[in-house]
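Undergrad: Any chance you could fold what I've pasted below:
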Amino acid sequence: MQFFEAREGKFQFRAFTLIVSLILLVTVAHAQTSYRYLLTGNYDELSGNHVPLQPLANSDGETGFFNPFAVPTSTCPQTFQVDGYHFFDNAGLRFVNDDFIDCGYTIKFTFHVKDLDGSQGWVRLLNFTPSDDNGIYIKLTDRPTNGTLEFWPNGTVGADNFFNSIDLYQFVITRTCSGEVNIYVNGEFFASYDDSSDPLYLPNDGDNLIDFFQDDTAVPNEASPGWVKNIEVSNAPIGTDEIQEDWDNFCQELQDVDCAGVLNGTAVVDSCGVCLQPDDPQFNQSCFDCAGEVNGPAIIDSCGVCLQPDDPDFNQSCADCAGTPNGPAVIDSCGVCAVPDTDAFNASCADCAGTPNGSAILDSCGVCILPNDPLFNQSCLDCAGVPNGTAVLDECNVCLEPNDPDFNQSCTIKFYMPSAFSPNEDGINDVFEVFKSDDAPASIQSYRVFNIWGEMIHESRNFEFGDLNQYWDGKYQGEIVSAGIYIYMIEVLFENGTVELLKGDVAIIR
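TA: Okay, here's the model as predicted:
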C-alpha cells in the first residue's frame with residue numbers, strides 16, 4: 001500500500017445522515033441475518049451456518065494462535081483474562097462473503113493493536129477489496145503511541161490520536177443500501193462517509209471477500225500484530241440503540257458471563273441500565289417515561305398530562321386564570337382573576353350595595369341607593385329640597401335659612417288682651433277673651449288667672465282661641481268674684497312647637 005494525502009469531500013459529519021440510516025434500518029430489520037465468530041479456540045461460525053474464517057499468513061508464513069488476552073482497566077473496571085485470537089504482524093483473517101452482503105451490512109469486532117510505530121505509517125483494520133487498498137485504517141498520527149481513524153483513500157476522520165496500543169476497542173461499521181457508512185467505537189458514533197456514488201466500502205463482485213488486519217504481504221511493517229475476538233457480520237445495518245446496548249454489556253460478554261454473573265448467561269443490561277433477560281416483560285420498561293420513551297424526559301404534570309417539562313403546555317391544561325396548576329382562582333363578574341370567598345372577589349366592580357356591576361351609588365345624603373329610586377337624595381333634604389341644606393320652617397311656617405332677615409317675620413302674631421271685662425251676663429265682654437291678629441296657626445296651651453294674693457282661681461288648657469267656654473267668666477267656685485285687679489299668665493303654642501308667654505293683669509268692673 002502506498003500513502004497519499006487524504007482527499008477532502010466525500011465524508012461528512014452530518015446529523016441528518018444518521019436519521020436516514022435509522023429509517024433504512026427499520027425497513028430492512030426483518031431480513032437481518034448475522035454470523036458470529038467467537039475465536040476462542042477455532043475459526044468456526046457459532047451457529048455453523050456459514051463457512052469458517054480463513055487465517056491469512058504474512059510473508060513469513062505466520063498466521064496466529066488462540067490465547068488469552070489481559071483486558072486493561074482502561075477498558076473495563078477490572079482486568080481479567082479473555083480468550084481470543086492473537087495474529088502476527090501483517091497476518092489476518094478473511095470472511096468469505098459469498099454474496100451474503102448485498103448493499104447493507106453491520107460488521108462488529110473487538111480488537112487490540114500492539115504496534116503503532118510501523119515505518120509505512122498505517123495499520124489496516126478492514127479491507128473490502130483485497131485487490132486494492134480501499135478500506136479502514138489507523139493512520140499513525142502520533143507515533144509510537146496513538147493513531148487516527150482513516151477512510152482510505154479519502155482521509156482521516158473522527159477524534160485525532162484516538163487509538164492507542166493499550167486499550168481494547170469495540171468497533172462497529174454499518175452501511176445502508178443508500179451508501180451511508182457509519183462507524184461507532186465503544187458504543188459512540190465516531191464518523192460517517194457517503195459511499196453512494198462510487199462504493200469503496202462494500203465487498204465487490206470480483207473478490208466477494210472481507211479481510212481483517214492483513215495488508216500487502218510484500219511490504220514490511222504495513223500492519224501490526226494484535227488480538228481480535230467476537231467478529232460478527234450481518235447483512236443489514238443495526239440501530240444505535242443496539243450498538244449502545246452491546247457496549248453496555250461489553251465487559252460482561254468478554255468474560256463469557258452475563259450482567260447477572262451467569263456463565264454463558266443471556267441477561268443483558270437494558271436501555272434503562274437494568275440487568276434482565278431480553279424476553280423479560282420488564283426489559284426496557286423501568287425507565288420508560290409516561291410517553292413510552294426509554295429514558296425519555298416526559299413526566300405527568302400537575303394536570304395529569306404526560307408532557308416534557310419544557311413543553312409550553314406543561315401544567316397549563318389545568319391552570320387557573322392566575323396560572324396556578326389546579327388553582328382556585330377564576331374570572332369574577334368584574335372580569336378580574338380572583339379567588340372566590342376572598343374580599344377581592346367581585347369587589348373591583350361592586351357598587352356600594354356590594355352588587356357586581358350594580359348601579360347603586362351613595363347619594364348626597366350618604367345613602368347607598370339606586371339613582372332612579374324616589375328616595376334618592378331625599379333623606380337629607382331641608383325644607384327647601386336642598387340635600388344637606390340648612391333651611392328650616394320658621395315660626396311662621398316659612399322655609400328659610402335661620403340667618404335670613406325674614407326669618408320668623410312673615411307671620412308675626414299680635415295678641416290682644418282686654419284690660420277689663422264685665423261678667424254681668426249682658427252678652428258684652430262677659431269673659432276674659434284673648435285675641436290674635438290673624439289666622440296664623442296657634443293655640444292656647446295654658447290659660448291661668450290668679451288673685452292678688454297669688455291664688456289661682458281659673459285654669460284651662462289646650463284650646464283654640466275662639467273657644468269661649470274655656471275663657472274666665474269672672475267666677476270662682478261658681479260665684480262672681482269681687483271687682484278688682486286679677487293676674488293672668490297665658491302660654492300660646494305655635495305650630496312649629498314654640499311657646500310664647502303672655503302675662504299681665506285685668507280688671508273686673510261692675
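Undergrad: residues contacting the spatially closest residue to Ser364 that is not a sequence neighbour?
TA: Nearest non-adjacent residue to Ser364, counting by CB to CB, 6 or more residues apart in numbering: Pro387, 3.7 Å away. Every residue, glycine included, has its C-beta placed from N, CA and C. The contact partners of Pro387, taken as CB atoms under 8 Å, 6 or more residues apart in numbering, are 363-365, 377, 380-381.
Undergrad: Go again with 6 Å.
TA: 364-365, 377, 380-381 (CB atoms under 6 Å, 6 or more residues apart in numbering).
Undergrad: Mind putting those into a markdown table with distance to Asp44, pLDDT and secondary structure?
TA: Below are the contacts of Pro387 laid out as a markdown table (distance: CB to CB, whole Å; pLDDT from 0 to 100; DSSP: H, G, I helix; E, B strand; the rest coil):
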| residue | distance to Asp44 | pLDDT | secondary structure |
| --- | --- | --- | --- |
| Ser364 | 111 | 88 | coil |
| Cys365 | 112 | 89 | coil |
| Asn377 | 112 | 87 | coil |
| Cys380 | 115 | 88 | coil |
| Leu381 | 119 | 87 | strand |
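Undergrad: filter those to the buried ones?
TA: Among the contacts of Pro387, those that count as buried by neighbour count (16 or more other CB atoms under 10 Å) are Asn377.
Undergrad: now the contacts of Pro387 as JSON lines including distance to Gly64?
TA: Shown next, in JSON lines, are the contacts of Pro387 (distance: CB to CB, whole Å):
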{"residue": "Ser364", "distance to Gly64": "114"}
{"residue": "Cys365", "distance to Gly64": "114"}
{"residue": "Asn377", "distance to Gly64": "115"}
{"residue": "Cys380", "distance to Gly64": "118"}
{"residue": "Leu381", "distance to Gly64": "122"}
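Undergrad: Would you map the helices across the stretch 1-150 of the chain?
TA: Applying DSSP state H, counting those that start in this stretch to the stretch 1-150 of the chain gives helices spanning 15-28.
Undergrad: What of the stretch 201-350 of the chain?
TA: According to DSSP H, counting those that start in this stretch, the helices that the stretch 201-350 of the chain contains are 240-248, 250-254.
Undergrad: Buried deepest among those, which one?
TA: The highest mean neighbour count among these, using mean count of other CB atoms under 10 Å, belongs to helix 250-254: a mean of 19.
Undergrad: what comes into contact with it?
TA: Contact with helix 250-254 is made by 76, 82, 170, 258-259, as judged by CB under 6 Å, 6+ apart.
Undergrad: Please identify which of those is nearest to Lys475.
TA: Closest to Lys475 out of these is Cys259 (140.3 Å), distances taken as CB to CB.
Undergrad: can I have stretch 146-162 written out in CSV, keeping just the CAs?
TA: Extracted in CSV, the C-alpha atoms of stretch 146-162 (Å, rounded to 0.1, in the frame of the first residue of the first chain):
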residue,chain,number,x,y,z
ASN,A,146,-1.5,7.0,19.0
GLY,A,147,-3.3,7.0,15.7
THR,A,148,-6.3,8.4,13.9
LEU,A,149,-9.0,6.5,12.0
GLU,A,150,-8.8,6.8,8.2
PHE,A,151,-11.2,6.1,5.4
TRP,A,152,-8.6,5.2,2.7
PRO,A,153,-8.2,6.8,0.3
ASN,A,154,-10.5,9.6,1.5
GLY,A,155,-8.7,10.9,4.6
THR,A,156,-8.7,10.8,8.4
VAL,A,157,-12.0,11.1,10.4
GLY,A,158,-13.1,11.2,14.0
ALA,A,159,-11.1,12.3,17.0
ASP,A,160,-7.4,12.8,16.4
ASN,A,161,-5.0,10.3,18.0
PHE,A,162,-7.9,8.4,19.4
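Undergrad: and that stretch, what's its mean pLDDT?
TA: For stretch 146-162, mean pLDDT is 89.
Undergrad: Next, the buried residues of that stretch.
TA: By neighbour count on 16+ other CB under 10 Å, the buried set for stretch 146-162 is 146-158, 162.
Undergrad: Quick check: the farthest pair among the residues you listed?
TA: Farthest pair in the buried residues of stretch 146-162, by CB to CB: Asn146 and Pro153, 21.6 Å.
Undergrad: Which of the buried residues of stretch 146-162 sits closest to Pro405?
TA: Gly158 (114.9 Å).
Undergrad: Now that we have the contacts of helix 250-254, which of them are buried?
TA: Here, 16+ other CB under 10 Å leaves 76, 82, 170, 258-259 buried among the contacts of helix 250-254.
Undergrad: Export stretch 424-443 to PDB, keeping only CA atoms.
TA: The C-alpha coordinates for stretch 424-443 follow below in PDB (Å, rounded to 0.1, in the frame of the first residue of the first chain):
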ATOM      1  CA  ASN A 424    -122.700  90.700  84.100                       C
ATOM      2  CA  GLU A 425    -124.200  88.300  81.500                       C
ATOM      3  CA  ASP A 426    -125.300  91.100  79.200                       C
ATOM      4  CA  GLY A 427    -123.600  89.400  76.300                       C
ATOM      5  CA  ILE A 428    -120.900  92.000  76.100                       C
ATOM      6  CA  ASN A 429    -117.400  91.400  77.500                       C
ATOM      7  CA  ASP A 430    -118.700  88.700  79.700                       C
ATOM      8  CA  VAL A 431    -115.400  86.600  79.600                       C
ATOM      9  CA  PHE A 432    -111.700  87.400  79.600                       C
ATOM     10  CA  GLU A 433    -111.100  86.500  75.900                       C
ATOM     11  CA  VAL A 434    -107.600  86.600  74.200                       C
ATOM     12  CA  PHE A 435    -107.500  87.700  70.600                       C
ATOM     13  CA  LYS A 436    -104.800  87.200  67.900                       C
ATOM     14  CA  SER A 437    -104.200  89.400  64.800                       C
ATOM     15  CA  ASP A 438    -104.700  86.800  62.000                       C
ATOM     16  CA  ASP A 439    -105.300  83.200  61.300                       C
ATOM     17  CA  ALA A 440    -101.700  82.100  61.900                       C
ATOM     18  CA  PRO A 441    -101.600  78.600  63.400                       C
ATOM     19  CA  ALA A 442    -101.500  78.900  67.200                       C
ATOM     20  CA  SER A 443    -103.500  77.700  70.100                       C
END
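Undergrad: Perfect, that will be all.
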